[in-house]
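>>> From the sequence below, what's the structure:
(2 chains)
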Amino acid sequence: MGMGRFSTEDWAAYNRDHVDGRSRDDVFAATCIDPRFDPAVFTVRESRDSDINPFSTPIILASDVTGSMGMIAHELMRNGLITLTSEIYDRKPVSDPHIMIAAIGDAYTDRAPLQATQFEADISLADQIRSLWLEGNGGGNNGENYSLAHLLAALKTATDCFERNGRKGYLFTIGDEPIHNGLTQQQITRIFGTEAPRGLDARECLALAQRSYEVFHIVIREGYAATGLDRVLRSWRPLLAERTLILDDYRRIAELVVSTIEINEGRDPQDVAASWGGAASAVVAQAVKDFGRRGIARYFR
Amino acid sequence: MASRKAQAVIGAGYGDEGKGLLTDRLASATTDAVIVRSNGGAQAGHTVVAPDGSRHVFHHFGSGALAGAPTHLSAFFVAHPMFFIGERQALKSLGAALAVSVDPRAIVTTPFDMMINQALELSRGTGRHGSCGLGFGEAIERSLRPDHAIHTGDLFQPDLAGRLWRIWTDWVPQRLRGLGLDRLPDDIMRHIDIETVIARFLLDCEAYLDHVALRPDSRLGEKGQVIFEGAQGLLLDQDYGAFPHVTRSNTGLRNMVAIAREAGIDSIDAHYVTRCYVTRHGAGPLAHEAGGLAGIDMVDPTNAPNAWQGTLRLAPLDLAVLRAAIAHDLQAAASNAVAVAPDLAVTCLDQAGSGFTLLDGGGPMTVDPQEAGRLIANGANLPLLGESWGVDRNHFRKAGDFALAG
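Residues are numbered from 1 along each chain as shown, chains lettered A, B, ... in the order given. You can find the predicted model right below:
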């Protein structure tokens, strides 16, 4: 025993807002892409049923982390997505959620254009999220390669939800920019580590993902989309129509994702939005108004 | 597939029994060992000397790290980010295993818990509880209040700074009032300002999160062969020791059995550890306390006297006390779900000369160190696991190997 050596001198030394005597690199984790998150390195991410999770449902949350998102990318990865995953685990809008987080960089300029965690059924996901590297490039070419997330879901995941039970999982992409029109053959080969016979356009990538996932896109009305919302929607609406959701307050992303899943699972949109209370209800109601209307319309067909 | 069997190292006295030594020995002899800290926090200090002579006192890491075993901090562990990164640096320079996983429920100690702890100890003057002044008990006390609790999982949530400020403005005054203290010690407060301390602590929390992987205890089986490492000893257990001179945790099998049940482990080889004499830190009763022990030449660089705990105290080993403590621990943790196979390791026999004193309820008896291990294990009603005759794992003799060792 015995470590009672925190003296007044130690307190004095502690009274500095830096970790003294050591380099920042030594103290904090390295700042480069972690190979375990690199889709060129891993073969497939699995979401499997187990005794504890007998009816697993995969949920992929793929966020743009490039420079145009600015501070929001950092805020989203460090705080927003962790709140979001906690909310999904707590509220369980689907049975046994298995969550994967993907970070979408820029396929033209980034060294880490795509990173993906494992599917996790509990909060141990949080430290994988922390370990994702935020490169901060991107911007300048009026779009992001959100198709990377669609191909990730199509090529690099294997789920009992779909394979055994014929149910679809959920895939949300999140960002502020227009979507580039697909990926070149070279990009697919390099980023996914599999030989691609040809390039794929955005619609093809999306269609591949939609075979086993309900796909949505959330437009964060900040950064690029704050001034260029029309251009953003012109690229997304032809692909995802009312499944393009516009979020006015990025801090409400947890509520929006959970609400969207609940509405898609058949709950009443107004009830779902109201369930959050306060300002969140209004933000969510606004974001799901097109998708929700369609949701209600289903009952009148 | 979860591993179904675990080992455990449990101190049978007041701490300082040799848990570090035995943990290191078991880790070196076990493939894929993972050391699971099942109680206590960074105030524990388990010494390991590697065969190459390098030495480390383990606080926030499991004592198997020099033998290459990763650490898991269970839900019962009380984390201390202020000390984590420094110890990690020290272990890195020794080439130790640095992988650490932690259950998200593990409580987090803040600088405020240390300040209150130290204020309390100072106010008690000589009547100390044997506390280490690192805020262990205070962190647990605070964590009973949902508004002010911080668990490792909470460190990922936004607004940690806001929580810390609320602890400072709401909890600290409330707790000081409750303890009958009017303020924090001047000689701490004149050296710090709270804003800077909070900023520094946030950095420590970042560094801590950067180097631990979250893993619920229920998934422990995925990591390897579990070796539970208890901290403190049975005679300091909060439910068994002499209140108030106890630590605020269960020091024996109880937490280990609870973790095992979550992790799907169904049997534990429980290794109790005792020196061939008794030591105690700080205040509290110590039967047969003696200034020095005939026949014992104690060497203990770990236990340098410190302002919060005083010096190390000595007494001969009383087999009746040992027997009762272990019997109580086995009975208190009994569970149909987890089978327990206990034995005993006896340490520090190299410090015994030609003959030294044992007690068994009645009068003293003088024993030959060569016979002492077996005698002590018999006295405890346990099989003998082995004996230590030196500071490192190579001087630990397993019971079955004695004939070979000559």
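
>>> quick one, helices of the stretch 1-150 of chain A?
In the stretch 1-150 of chain A, the segments counted as helices under DSSP state H, counting those that start in this stretch are A:8-14, A:24-27, A:71-75, A:81-91, A:125-131, A:147-156.

>>> Save the ones you listed as TSV, and put in distance to B:G400, mean pLDDT and mean neighbour count too.
Every C-beta, even on glycine, is put in place using the N, C-alpha and C of the backbone. Output for those, formatted as TSV (distance: least, C-beta to C-beta, whole Å; pLDDT from 0 to 100; neighbours: other C-beta atoms under 10 Å in any protein chain shown):
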stretch	distance to B:G400	mean pLDDT	mean neighbour count
helix A:8-14	47	84	16
helix A:24-27	45	58	14
helix A:71-75	58	69	17
helix A:81-91	49	82	19
helix A:125-131	43	81	22
helix A:147-156	52	96	26
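
>>> May I see those helices organised as a markdown table, with distance to B:L184 added?
Formatted as a markdown table, the helices of the stretch 1-150 of chain A follow (distance: least, C-beta to C-beta, whole Å):
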| stretch | distance to B:L184 |
| --- | --- |
| helix A:8-14 | 11 |
| helix A:24-27 | 28 |
| helix A:71-75 | 34 |
| helix A:81-91 | 33 |
| helix A:125-131 | 33 |
| helix A:147-156 | 51 |
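
>>> where does the chain have low pLDDT?
In the absence of a named chain, this looks at chain A. A:1-5, A:17-32, A:67-68, A:70-71, A:74, A:78, A:107-111, A:134-141, A:294-301 (pLDDT under 70).

>>> if you could check chain B rather than the one you did, that'd help
For chain B, the ranges with pLDDT under 70 are B:1-3, B:126-132, B:300-310, B:401-406.

>>> can you point me to the longest helix in it?
Secondary structure of chain B per DSSP state H: the longest helix is helix B:194-211.

>>> Tell me the helices and strands packed up against that one.
The elements that helix B:194-211 packs onto, with contact taken as 3 or more C-beta pairs under 8 Å, 6 or more residues apart in numbering or on different chains; DSSP states H and E, are helix A:24-27, helix A:125-131, helix B:81-93, helix B:111-124, helix B:160-166.

>>> Next, the angle helix B:194-211 makes with the longest one.
What it means is helix B:111-124. 120 degrees (axes from the mean of the first three to the mean of the last three C-alpha atoms, to 10 degrees).

>>> So for helix B:111-124, what gets flagged as buried?
Buried residues in helix B:111-124, counting neighbours by 16 or more other C-beta atoms under 10 Å in any protein chain shown, are found at B:P111, B:F112, B:D113, B:M114, B:M115, B:I116, B:N117, B:Q118, B:A119, B:L120, B:E121, B:L122.

>>> interface residues of the stretch 151-300 of chain B facing chain A?
B:153, B:156-158, B:187-188, B:191-193, B:196-197, B:199-200, B:203-204, B:206-207, B:209-216, B:218-219, B:232, B:281 (C-beta under 8 Å from any C-beta of the partner chain).

>>> Which of these are buried? Put it as a ChimeraX command.
Buried residues among those (16+ other C-beta under 10 Å), as a ChimeraX selection:
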select /B:153,156,188,191,192,197,199,200,203,204,206,207,209,211,212,213,214,215,216,218,219,232,281
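
>>> For the buried residues of helix B:111-124, give me TSV that also has distance to A:I123.
TSV is the format used below for these (distance: C-beta to C-beta, whole Å):
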residue	distance to A:I123
B:P111	25
B:F112	25
B:D113	24
B:M114	27
B:M115	30
B:I116	29
B:N117	29
B:Q118	33
B:A119	34
B:L120	34
B:E121	35
B:L122	39
